[in-house]
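Peer 1: Below are the sequence and a predicted model for it; my questions follow.
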Amino acid sequence: NKNRIIIEDFMKNTRIVFILIILVLSVSFLSATIINIPEDYNQIQIGINVSTDGDTILVQPGPYYENINFNGHNITVCSLFLTTQDSFYIEQTIIDGSQEGRVVTFETNENSTASLTGFTLKNGNVYGPTYPENRGGGISIDSSSPTLTNLIVASNQAVAAGGISFWDNANATLDHVIVEDNYSYDNSGG
């Protein structure tokens, strides 16, 4: 009889521990947030700054005049293309660098879960006397491995690599990325 009580207590405690483990795992999976731009924040960069790994920054159509940096966040930044698969959103959701630096930067060891999907990136302009400061007008990837999909990288310029620059062990995945009409003062226009 005493052994039966010990076994019943053990089973009860095991169920409690199991339920607690399920709750902890559920909370961690549910903690990923969708941040809507411009509804939640009026700039993509602000959304990136407040995000945590696993979050999604969902950007509505329109021009966004800014230069964004993932700052080590392994997040998804995407247009409505991601949810609809309608290529209309690629051309209608524009990140415009306003000729004031590169449009998108990955330079803080972002991995393949750092994803940029469904945008037109244009008007990046990078000047500078030395590498790596003077390359990658559209996108600069330095020591990172982001995933780039369904993008148009056009009308950007830099001293080197007007469109996309890969630097110092960069290892990006590109899928359906159009790189056109970019310019380099030195080499590698695309």
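Peer 2: Nice, I can see it.

Peer 1: In the chain, which residue is most central in space?
Peer 2: Taking CA atoms, centre = their mean, the centroid of the chain lies closest to residue 115, which sits 3.9 Å from it.

Peer 1: give me every residue that touches it.
Peer 2: 75, 76, 77, 78, 146, 147, 148, 149 (CB atoms under 8 Å, 6 or more residues apart in numbering). Using the backbone N, CA and C atoms, a C-beta is placed for each residue, glycine as well.

Peer 1: Among those, which are located in strands?
Peer 2: Using DSSP state E, the members of the contacts of residue 115 that fall within strands are 76, 77, 78, 147, 148, 149.

Peer 1: For those residues, please prepare TSV with the additional fields neighbour count and distance to residue 124.
Peer 2: Formatted as TSV, the ones in strands among the contacts of residue 115 follow (neighbours: other CB atoms under 10 Å; distance: CB to CB, whole Å):
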residue	neighbour count	distance to residue 124
76	20	21
77	29	16
78	21	19
147	17	20
148	23	14
149	18	19
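
Peer 1: Please report the distance of residue 118 from residue 67.
Peer 2: According to CB to CB, to the nearest Å, residue 118 and residue 67 sit 18 Å apart.

Peer 1: So what's the residue count around residue 101?
Peer 2: 19 (other CB atoms under 10 Å).

Peer 1: Oops, could you answer that again for residue 72 instead?
Peer 2: Count around residue 72 with other CB under 10 Å applied: 15.

Peer 1: quick one: secondary structure of it?
Peer 2: Per DSSP: H, G, I helix; E, B strand; the rest coil, the local secondary structure of residue 72 is coil.

Peer 1: does it really touch residue 110, like I thought?
Peer 2: Yes. Using CB atoms under 8 Å, residue 72 is in contact with residue 110, at 6.2 Å.

Peer 1: who touches residue 87 in this structure?
Peer 2: 81, 150.

Peer 1: Go again with 7 Å.
Peer 2: The neighbours of residue 87, taking CB atoms under 7 Å, 6 or more residues apart in numbering as the test, are residue 81.

Peer 1: Quick check: pLDDT value at it.
Peer 2: pLDDT, residue 87: 96.

Peer 1: Same check on residue 123?
Peer 2: Model confidence at residue 123 (pLDDT) stands at 97.

Peer 1: thinking it is in contact with residue 101, fair?
Peer 2: No. Using CB atoms under 7 Å, residue 123 makes no contact with residue 101, being 10.1 Å away.

Peer 1: ok, back up a step: could you export the contacts of residue 115 as a markdown table, including pLDDT and distance to residue 134?
Peer 2: Formatted as a markdown table, these follow (pLDDT from 0 to 100; distance: CB to CB, whole Å):
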| residue | pLDDT | distance to residue 134 |
| --- | --- | --- |
| 75 | 98 | 27 |
| 76 | 98 | 29 |
| 77 | 98 | 25 |
| 78 | 98 | 29 |
| 146 | 97 | 21 |
| 147 | 97 | 25 |
| 148 | 97 | 21 |
| 149 | 97 | 27 |
